[in-house]
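Visitor: okay, here's the prediction I keep looking at, along with the sequence it came from:
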Amino acid sequence: MTATQPPQPQPDPQSDPQQSDPQQSDPQQSEFGSQPPSQPGSQAQPETQSQSESESQSESGSQARSGSRSEGGLGSLVGGGAPNGAGYRSFVLGEFTFSRDDYFVYVGWPTGSHVASADAFLKALQRDVAWEFFYGIVNFDGVIGTVNHYGTVDLFAGRYNDAWRKAELDHLQNFPTPQIRATFAAMLDDWTNHGFDPFASPDETGSAFGPKHGNNTPAVTRRRVTATRMVGLHGDEPLRSDQTGHRVNRQFTDVAQDEPLVEAAAGFEDQVHAFNLFGYLSRSDVTWNPSVVSVCRHSLYCPTTEEYILPIIHGNDRVEWFLQLSDTIYWDVEDRDSGAVRSKVTMHPGDVAAMPADIRHQGYAPKRAMLLVWENADPDLPHLIATGQLPTNPIDI
């Protein structure tokens, strides 16, 4: 890690930066457009946010800012250069530059630079795009990441890393959500080679490395499941089956596939419903990608299947509840703002954990495991917690 910057990509002066990827020029038409850009899940947040609220939520609590900060905007330079010797385009987003070669991704900003493995970067980038920047902070690693303000997004380097902040090498720039989403989606599509699926487990995909060869657009634009009431209800997300292209995963062949019998009274057929959650999860074709399978106002059930390592380090802006449904997951839990170790958590089937609103976490699953993530999508939560009106922990023992 060094402050020496790699060669900076130059935008193509012949291209309109906002039209650098025609398929992504209207974010509402993307494969992930089924959920509103303002809030991951089903509840929308206000599209605008006051400067004081933005500063409060991204200030790392009471810690003072160091390094540099810039305000981005739709008029800021967003574009990319021609393919390099390895065949990959470079990208410019405000004062950040992105390029890759056979093995690595290079990120530059006015006060420093960072190098990351291409496969790890693409797996993190895939989730940031698919999740609409999720809740709170998505750390790609210990240096690069994003903060969701539900209408705008901070792109940062070193802001949540004590060493980078003390050296004043950190940087943060805020962008409207459609702008950063379009750039990240174009980058993900250009840098993902044929045969590599950033959502798949290592045993189920090819390599991310080497010179550019083809693409895997269907994989990086697969539609995320976001039910409005419950999967399987008429007019909602369908159940998974062989017919929908969702075969039982190799590690869940022992999971029963029978569905419950529901006998609803006349007139209530569209209001009484049940489905086999274990069977549904056994057919998931992705890892570390929570699907919204049931919604009750702000309460979202987001089960997922996990294998290998969670590619991002998720920094909470609200409490998350985890219910281990099968197998084992190991969690590293750190302070959200400094990265200091807070705890190590091992979850076995039946275990329940509450991840506080001031931590970040990363999971490790030795074999494919089922996990139920219970989210509260109340749009007021981040502000209430950041201003101390609500505690960061759900209960006092």
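Guide: Here it is on my side, so go on.

Visitor: which residues touch stretch 212-226?
Guide: Identification of contacts with stretch 212-226 by Cβ atoms under 8 Å, 6 or more residues apart in numbering yields 30-32, 34-35, 41-42, 83, 86-88, 126, 129-131, 188-200, 231, 237, 286, 289, 291-293. (C-beta placed from N, C-alpha, C; glycine too.)

Visitor: what's stretch 246-254 in contact with?
Guide: Here stretch 246-254 has contacts from 240, 255, 257, 281-285, 305, 307, 367-368, using Cβ under 8 Å, 6+ apart.

Visitor: flag whichever of those residues scores worst on pLDDT.
Guide: Lowest pLDDT of these: residue 285, 94.

Visitor: burial count for that one?
Guide: 17 (other Cβ atoms under 10 Å).

Visitor: phi first, then psi, for the residue lying closest to it once chain neighbours are set aside.
Guide: The spatially closest residue to residue 285, leaving aside those adjacent along the chain, is residue 246, at 6.1 Å (Cβ to Cβ, 6 or more residues apart in numbering). Main-chain dihedrals, residue 246, degrees, to the nearest 10: phi -110, psi 90.

Visitor: quick one: contacts for the closest residue to residue 373 other than its chain neighbours?
Guide: Among residues not flanking residue 373 along the chain, residue 302 sits closest, at 4.3 Å (Cβ to Cβ, 6+ apart). Residue 302 makes contact with 41, 290-293, 372-375, according to Cβ under 8 Å, 6+ apart.

Visitor: now with 6 Å, please.
Guide: 290, 292, 373, 375 (Cβ atoms under 6 Å, 6 or more residues apart in numbering).

Visitor: shouldn't the third one be within a strand?
Guide: Yes. Secondary structure assignment (DSSP: H, G, I helix; E, B strand; the rest coil) places residue 373 inside a strand.

Visitor: so it sits against residue 289, correct?
Guide: No. Checked against Cβ atoms under 6 Å, the pair residue 373 and residue 289 is beyond contact range at 10.6 Å.

Visitor: which secondary structure elements does the one helix or strand residue 181 maps to sit against?
Guide: Using DSSP states H and E, residue 181 maps to helix 177-191. Helices and strands touching helix 177-191, by 3 or more Cβ pairs under 6 Å, 6 or more residues apart in numbering; DSSP states H and E, are helix 118-130, helix 217-220.

Visitor: and residue 396, how many neighbours does it have?
Guide: So residue 396, with other Cβ under 10 Å, has 5 neighbours.

Visitor: and residue 218, by the same measure?
Guide: Residue 218 has 9 nearby residues by other Cβ under 10 Å.

Visitor: tell me the pLDDT at it?
Guide: For residue 218, the predicted pLDDT is 96.

Visitor: could you check how far it is from residue 192?
Guide: Here residue 218 is placed at a distance of 11 Å from residue 192 (Cβ to Cβ, to the nearest Å).

Visitor: hmm, residue 319 is touching residue 394, no?
Guide: Yes. Contact status for residue 319 versus residue 394: in contact at 4.7 Å, counting by Cβ under 6 Å.

Visitor: ok, how many other residues are close to the residue nearest to residue 285?
Guide: Neighbours around residue 246, by other Cβ under 10 Å: 16.

Visitor: got it, and the one 5 residues further on?
Guide: Burial of residue 251 is recorded as 17 neighbouring residues (other Cβ under 10 Å).

Visitor: ok, it to residue 331 distance?
Guide: Residue 251 is 20 Å from residue 331, by Cβ to Cβ.

Visitor: separation between residue 154 and residue 148?
Guide: From residue 154 over to residue 148 (counting by Cβ to Cβ), the distance is 8 Å.

Visitor: no wait, residue 293
Guide: Residue 293 is 22 Å from residue 148, by Cβ to Cβ.

Visitor: now do the helix or strand hosting the residue nearest to residue 373 against helix 118-130, angle only.
Guide: Residue 302 belongs to strand 299-309 when assigned by DSSP H and E. Going by axes from the mean of the first three to the mean of the last three Cα atoms, to 10 degrees, strand 299-309 is angled at 170 degrees with respect to helix 118-130.

Visitor: domains of the chain?
Guide: 17-220, 225-397 (automatic domain parsing).

Visitor: count the neighbours of residue 235 for me.
Guide: 7.

Visitor: secondary structure class for it?
Guide: Strictly by three-state DSSP, residue 235 counts as coil.

Visitor: doesn't residue 137 make contact with residue 147?
Guide: Yes. Counting by Cβ under 6 Å, residue 147 touches residue 137, with 5.2 Å between them.

Visitor: which non-adjacent residue is nearest residue 272?
Guide: Residue 272's closest residue in space is residue 264 (Cβ to Cβ, 6+ apart), at 4.0 Å.
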